[in-house]
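S.K.: What follows is a predicted protein model with its sequence.
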Amino acid sequence: MHYFALLISQERELTPDEATEGMAAFQAFHAKAGSAIRAGDALAPTAHAVRITGGPDAPVVTDGPFAEAAEVACGYYVLEADNLDEALALARDIPVATFGAVEVWPMVGWNPPSQQLGSDWLALLLEPEDNVCAPSTEEWESGVCAHTEFGNAAGEHILSGAPLHPPSTATTVRVRNNDVVLTDGPYVEGAEVANGFYVLRAADRDEAVKLASMIPASAVELRRLAGVSGL
């Protein structure tokens with residue numbers, strides 16, 4: 001089964017030593033967990049992010065950074081594991097878990113990238129928790145039709161993506177003083193929750209925003225991939 005791991009931390013400028021130490025920590029994680037990592041990358045700062053609300057019919061585009069967020073998504077992985085316990089064991093080794101948090105979500109299927117990713121775009125789909133529906137329901141099937149239409153319109157600009165299971169299936173992982181703390185549900189309670197994601201390829205930021213504005217979601221957070229993972 002595949003799991004979406006969303007990395008969350010405070011956003012701040014790193015010193016050269018901190019950046020070097022951080023890169024070494026992630027390299028160690030990749031060396032240990034490489035056989036289970038199917039995709040992933042760091043995300044560019046929220047100063048370059050875009051939030052799109054209103055849906056495809058009346059999109060409202062807001063440029064980052066988003067001051068209301070004390071901690072923000074800073075990266076993601078797609079992990080393959082036999083079960084949730086195995087996925088959580090992988091997540092606790094992600095360096096961000098020691099100073100931030102890692103949300104682990106079971107994915108509904110997985111369309112792997114057809115080519116190596118670079119400085120592409122992660123479109124994180126967000127919904128109020130009450131709006132999230134479970135697979136195989138009538139509401140879900142209606143949403144599938146809308147995403148099929150988006151897929152037909154966006155075509156080869158879509159490199160990968162997947163819907164996520166409801167927030168009741170998510171687990172937040174933190175590691176503090178070598179102790180693993182697991183919390184049911186996503187990191188932020190009562191706010192919009194992740195509902196799925198796409199990885200998009202665009203010629204420039206304007207085209208990426210145009211593509212993301214077509215996605216049928218209450219909100220889309222569009223983030224540039226840092227292009228440092230080589231995955």
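M.R.: Ah, there it is. Computed from a prediction, not measured in an experiment: that's the story for all the values here.
S.K.: now residue 221: how far from residue 195?
M.R.: As judged by Cβ to Cβ, to the nearest Å, residue 221 and residue 195 stand 11 Å apart. In this view, the C-beta of every residue, glycine as well, is placed from N, C-alpha and C.
S.K.: Name the residues contacting each of the two.
M.R.: Shared contacts of residue 221 and residue 195, defined by Cβ atoms under 8 Å, 6 or more residues apart in numbering, comprise residue 126.
S.K.: Could I get the buried residue list for the helix or strand hosting residue 139?
M.R.: In the assignment (DSSP states H and E), residue 139 maps to helix 138-154. Going by neighbour count (16 or more other Cβ atoms under 10 Å), the buried part of helix 138-154 is 143, 147, 150, 154.
S.K.: now that helix, how far from the centre of its chain.
M.R.: Centroid displacement of helix 138-154 relative to its chain, using Cα atoms, centre = their mean, to the nearest Å, is 20 Å.
S.K.: Please save the CA atoms from that helix in PDB.
M.R.: The C-alpha coordinates for helix 138-154 follow below in PDB (Å, rounded to 0.1, in the frame of the first residue of the first chain):
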ATOM      1  CA  GLU A 138     -22.000   8.700  -4.200                       C
ATOM      2  CA  GLU A 139     -20.200  11.900  -3.400                       C
ATOM      3  CA  TRP A 140     -16.800  10.300  -4.100                       C
ATOM      4  CA  GLU A 141     -17.900   9.000  -7.500                       C
ATOM      5  CA  SER A 142     -19.100  12.500  -8.400                       C
ATOM      6  CA  GLY A 143     -15.700  13.900  -7.400                       C
ATOM      7  CA  VAL A 144     -14.000  11.300  -9.500                       C
ATOM      8  CA  CYS A 145     -15.900  12.500 -12.600                       C
ATOM      9  CA  ALA A 146     -14.800  16.100 -11.900                       C
ATOM     10  CA  HIS A 147     -11.200  15.000 -11.600                       C
ATOM     11  CA  THR A 148     -11.400  12.900 -14.800                       C
ATOM     12  CA  GLU A 149     -12.500  16.100 -16.600                       C
ATOM     13  CA  PHE A 150      -9.500  17.900 -15.100                       C
ATOM     14  CA  GLY A 151      -7.200  15.100 -16.200                       C
ATOM     15  CA  ASN A 152      -8.500  15.300 -19.700                       C
ATOM     16  CA  ALA A 153      -8.000  19.100 -19.800                       C
ATOM     17  CA  ALA A 154      -4.500  19.100 -18.200                       C
END
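S.K.: Is residue 107 bridged to anything, and to what?
M.R.: Beta-bridge pairing for residue 107 (DSSP bridges): residue 164.
S.K.: Tell me who's in contact with it.
M.R.: 1, 2, 3, 4, 78, 162, 163, 164, 165.
S.K.: same thing but 6 Å
M.R.: For residue 107, the contact set (Cβ atoms under 6 Å, 6 or more residues apart in numbering) comprises 2, 4, 162, 164.
S.K.: what's the distance between it and residue 164?
M.R.: Residue 107 is 6 Å from residue 164, by Cβ to Cβ.
S.K.: Overlap of the contact sets of these two?
M.R.: residue 4.
S.K.: Pull the residues that contact the worst-scoring helix or strand of the chain on mean pLDDT.
M.R.: Lowest by mean pLDDT, DSSP states H and E among the helices and strands of the chain is helix 138-154, with a mean of 84. With Cβ under 6 Å, 6+ apart as the test, helix 138-154 has contacts from 133, 211, 214, 215, 216.
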